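# Next comes the sequence, and after it the predicted model I'd like to discuss.
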Amino acid sequence: MPIARPEPLDARVIAHVDMDCFYVQVEQRRQPELRGLPTAVVQYNSWKGGGLIAVSYEARKFGVKRSMRGDEAKEVCPDINLVQVPVARGKADLNLYRNAGSEVVSILSSKGRCERASIDEVYLDLTEAAESMLLETPPEVLEEIDEEVLKSHVLGVTADEDDRATKVREWFYQSDADHRDKLLACGAIIVAHLRMKVLEETKFTCSAGIAHNKMLAKLASAMNKPAQQTVVPSSSVKDLLATLPVKKMKQLGGKLGSSLQSDLGVNTVGDLLHFSEEKLQELYGINTGTWLWTIARGISGEEVEGRVLPKSHACGKTFRGPHGEEVEGRVLPKSHACGKTFRGPQALKTTASVEHWLNQLSEELSERIQSDFDHHKRVAHTLTLHASAYKANDMESQRKFPSKSCPLRYGIVKIQEDAKKLFDSALKDFLGSQNSRWGITSLSIAASKILDTPSGTCSILKFFPGKSVSSTPLNGSDVFVQDEFSPIALGIKSYTTESNDDEQQIRFDCEVTSKTNCTINQDRTLPTSDRKAKDKGSCSILRYFQGTNSHSTDQAYNAFTQDHAPPSSGSESCSMLNQTVHKGGTLAEGKNVHQNFQRSNTWALNVEDIDPSVIDELPLEIQKEVRGWLRPSKRSNTTKRGSTIAHYFSSSSKNS
């Protein structure tokens, strides 16, 4: 539902930059022999030559449109070059275009707050840069204005093509213009320079709209293409909207726009001026009614919401400004999503076919969130499944398939498992008590709630000398992350210890928080042929600490208490434990030590923070042991929930 947002009192300068048939430009840069030739980029499916997703201006002159299929385009333009989108995992691979778009955004964002709206379009808030320019070198004092700036289309400035440059020059140089128009003039100069820089460094052309808000800037960027820019002064807004078809306005292309046309006879945005705010609220609700009233007057307070990356880029290149300074480039996505559409007879009608595509999408999503973590040290927390479906003889159910979410676990297999569970749950809700046939027409999974990894995390393996850690340092700190394994939750780092047995790996995930709570997760990776043999007989998690002698334990304890002992609580227990260790005993030998350590609230295990699915992945014997710690026997008088790290060294536990 659209919501009206009032504009700020101070004038803003907002630009919308739209790349010109971007997919084609990327392919023409990759294959220079295609430059100047009619070219189109088609979808990966080959039905009737594939669907066109981008058409060069050379091909448009022959009547080729994006709504066509490849075979139809060849009939209209026999010489057209059709380039297929790269394919990976049975679906379109857009990484080539994403990375190219990132190059452009890294240049554009050097002058203001930047919001990447899609692969090939960007919003810029240039207010601060325009105000600085207006104070230092306003347009009227410039000795010369670049030719590219004079090519700007300024709405409200009418003249013949021969006189247009002269009229535009006069508009830029007018000294008696109001403050808002002067800011726009500065913004237009800045955008023209940015566009030329994009062309110089990337070989891509782009068009732009410059206005006082996002809505008008987006409308203007599409008015004059390719490689041009349009400026919208406040005085021209009424005339612009008076003739703008209502369906051309963002959020009015669907049912709301159709309702305005059929119910109110509104064909242009300007027609809305005939209705009061109260009348529009009565017909469409308070929020939508107010929004319709404001857009009819060109009012929109929507902010440019951008987030600037650290000085690292997924494409592996450092971008620099005109003076050699590093530019803190592009916008971080708020989520990562992978999806595929299955039209008509391609609809998925079995759980096996759905599982196949969920596996493909999970691989892609895992790759993208892993790359996000590697380059930007961010962790995704939520996995969400979306789908569109229909039931047999009930085509109206297309949009009723429920979305489902769960905590995101890193790793391809884990994402695949969770995505399948989410789908099964959603399908059950979708079908209800019916046992009818169904079909999936679109399927997607998304990773969201992406947050920066907090500092202060460390590996538990530092407390067990002699264990080798396969890891790499992060930001020069003592935090280590295994190369091929990612965090399972915020702040959790993963480590792999390599034992003498090549068939066995143990992974520990540890997070040390301000409450000094520690959770331990173990993943055992064994060859399939030996797994059953390895699981036979009694087993205890303590087996993994065999070989830790008293000297090693002494070192571990000292490091443990020096780095993480709380300032006041547990000092008596720590002292007793220290005495026991220095007398030659081990941590697993002192029952009194264990009891005193347990009475302290140091290293208390919060049961509610433990993911049950993690325990389910442990060997059966260890599962029973861990659950015994978390849920004591009813005959026990213990009422305290949780455990302490001393359990892992308790003499009461049996080594396997």
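Here it is on my side, so go on. Not measured: the values here are computed from a predicted model. Numbering: from 1, shown residues only.
# Below-threshold pLDDT in this protein: ranges please.
307-331, 393-399, 455-609, 613, 617, 621, 631-656 (pLDDT under 70).
# Tell me how many other residues crowd residue 205.
19 (other Cβ atoms under 10 Å). For the C-beta atoms, the positions are set from N, CA and C on the backbone; glycine is no exception.
# my read: it touches residue 196, true?
No: counting by Cβ atoms under 8 Å, residue 205 stays clear of residue 196, with 9.9 Å between them.
# Now do the helices in the stretch 301-450 of the chain.
Counting by DSSP state H, counting those that start in this stretch, the stretch 301-450 of the chain has helices at residues 351-376, 412-431.
# What angle do helix 412-431 and the first one make with each other?
Here helix 351-376 runs at 130 degrees with respect to helix 412-431, directions being taken by axes from the mean of the first three to the mean of the last three Cα atoms, to 10 degrees.
# Helix 351-376 packs against which elements?
strand 91-92, strand 336-341, strand 378-391, helix 412-431, strand 438-452 (3 or more Cβ pairs under 8 Å, 6 or more residues apart in numbering; DSSP states H and E).
# Pull out the buried positions in it.
354-355, 357-370, 372-373, 376 (16 or more other Cβ atoms under 10 Å).
# Please apply the same query to the shortest one.
Neighbour counts over helix 412-431 (16+ other Cβ under 10 Å) mark 414, 415, 416, 418, 419, 420, 422, 423, 426, 427, 430 as buried.
# What of stretch 614-624?
By neighbour count on 16+ other Cβ under 10 Å, the buried set for stretch 614-624 is 614, 618, 619, 621, 622.
# Straight-line length of that stretch, end to end?
End-to-end distance for stretch 614-624, by Cα to Cα, to the nearest Å: 13 Å.
# Adjust the sequence numbering to begin at 22 for everything that follows.
With 22 as the first residue, the last one maps to stretch 635-645.
# Pull up the distance across stretch 409-423, start to finish.
End-to-end for stretch 409-423, by Cα to Cα: 9 Å.
# one step back: just tell me which of the helices and strands packed on helix 372-397 ends up closest to residue 54.
Comparing the helices and strands packed on helix 372-397 against residue 54 with Cβ to Cβ, the closest turns out to be strand 112-113 (23.5 Å).
# mind listing what's buried in the next helix or strand after the closest one?
Once strand 112-113 ends, the next helix or strand along the chain (criterion: DSSP states H and E) is helix 116-129. Under the neighbour-count criterion of 16+ other Cβ under 10 Å, helix 116-129 has 116, 118-129 buried.
# Check which helices and strands helix 116-129 is in contact with.
strand 35-40, helix 43-51, strand 134-139, strand 142-146, helix 200-223.
# let's see 7 Å
For helix 116-129, the packing partners by 3 or more Cβ pairs under 7 Å, 6 or more residues apart in numbering; DSSP states H and E come out as helix 43-51, strand 134-139, strand 142-146, helix 200-223.
# okay if I get these as TSV plus distance to residue 61 and mean neighbour count?
Converted to TSV, the helices and strands packed on helix 116-129 look like this (distance: least, Cβ to Cβ, whole Å; neighbours: other Cβ atoms under 10 Å):
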stretch	distance to residue 61	mean neighbour count
helix 43-51	7	21
strand 134-139	19	18
strand 142-146	20	24
helix 200-223	21	21
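# Would you convert those into CSV that also reports distance to residue 174?
Below are the helices and strands packed on helix 116-129 laid out as CSV (distance: least, Cβ to Cβ, whole Å):
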stretch, distance to residue 174
helix 43-51, 21
strand 134-139, 22
strand 142-146, 18
helix 200-223, 10
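# gap between the two ends of stretch 48-68?
The first and last residues of stretch 48-68 sit 21 Å apart, counting by Cα to Cα.
# Not counting its own residues, what contacts that stretch?
Contact with stretch 48-68 is made by 44-45, 70-77, 79-80, 83, 85, 91, 94, 98, 100-106, 108, 112-113, 224, as judged by Cβ atoms under 7 Å, 6 or more residues apart in numbering.
# Please, a PyMOL command that selects the buried ones among those residues?
To isolate the buried members of the contacts of stretch 48-68 in PyMOL, using 16+ other Cβ under 10 Å:
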select buried, resi 44+45+70+71+72+73+74+75+76+77+79+80+85+91+94+98+101+102+103+104+105+106+112+113
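# burial count for residue 78?
By the criterion of other Cβ under 10 Å, residue 78 has 15 neighbours.
# Please disregard the earlier target; I meant residue 406.
If we define neighbours as other Cβ under 10 Å, then residue 406 has 24 of them.
# so it touches residue 446, yeah?
No: the criterion here is Cβ atoms under 7 Å, and residue 406 misses it with residue 446 at 8.9 Å.
# Determine the residues that are contacts of both of these two.
residue 425.
# Would you check that residue 404 makes contact with residue 469?
No: with contact defined as Cβ under 7 Å, residue 404 does not reach residue 469; the gap is 8.2 Å.
# the more surrounded of these two?
Neighbours per residue, other Cβ under 10 Å: of residue 404 and residue 469, the larger number sits with residue 404, 24 against 16.
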